[in-house]
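# all I have is the shape, not the residue letters:
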């Protein structure tokens, strides 16, 4: 589709933007990995949701990631997918690398 769109004549000399997703190679790598172990992919949103929302809670209960720990120990592949999703998201959106470092560090600590 990208190549066809670039070859079509336009009425005005507007720049034609690229239709592919940002960080396309990382996206393909993520999708291929998820297709290798599709059962684990359904747990990834639950893990990421709990880790993200715990940072909004009171600091006294922030370290209670029981559900995420359970999911990560039952399906270690879900932890790997979570890290890949965080890596892709941060690369594609160009947000500061500290965001990625904090979340990946939390995931790694929970897998121990």
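Arrived safely, thanks for sending. All figures in this text were calculated on a predicted structure; none of them were measured in a lab.
# how about low-confidence regions in the protein?
5-19, 58-64 (pLDDT under 70).
# would you map the strands across it?
With DSSP state E as the definition, the chain shows no strands.
# and the lengthiest helix in it, what does it pack against?
Scanning the chain for the helix with the most residues, using DSSP state H, yields helix 76-93. Helices and strands touching helix 76-93, by 3 or more Cβ pairs under 8 Å, 6 or more residues apart in numbering; DSSP states H and E, are helix 24-36, helix 38-41, helix 44-54, helix 66-74, helix 97-111. All C-beta spots, glycine's among them, are computed from the backbone N, C-alpha and C.
# do you know which of those lies nearest residue 91?
Nearest to residue 91 among the helices and strands packed on helix 76-93 is helix 24-36; the distance by Cβ to Cβ comes to 5.8 Å.
# buried residues, that closest one. List them.
Residues of helix 24-36 classed as buried: 26-27, 30, 33-34 (neighbour count, 16 or more other Cβ atoms under 10 Å).
# could you export those residues to a markdown table, including columns for distance to residue 109?
Converted to a markdown table, the buried residues of helix 24-36 look like this (distance: Cβ to Cβ, whole Å):
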| residue | distance to residue 109 |
| --- | --- |
| 26 | 24 |
| 27 | 27 |
| 30 | 22 |
| 33 | 22 |
| 34 | 23 |
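# if we can go back for a sec, tabulate the helices and strands packed on helix 76-93 (CSV), appending distance to residue 90.
Putting the helices and strands packed on helix 76-93 into CSV (distance: least, Cβ to Cβ, whole Å) gives the following:
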stretch, distance to residue 90
helix 24-36, 10
helix 38-41, 19
helix 44-54, 13
helix 66-74, 19
helix 97-111, 4
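# circling back: which of the buried residues of helix 24-36 sits closest to residue 55?
Nearest to residue 55 among these, with distances taken as Cβ to Cβ, is residue 30, at 23.3 Å.
# contact partners for the closest one?
Residue 30 is in contact with 81, 84-85, 88, counting by Cβ atoms under 8 Å, 6 or more residues apart in numbering.
# grab the most central residue of the protein for me.
Geometric centre of the chain, nearest residue: residue 85, 1.8 Å, by Cα atoms, centre = their mean.
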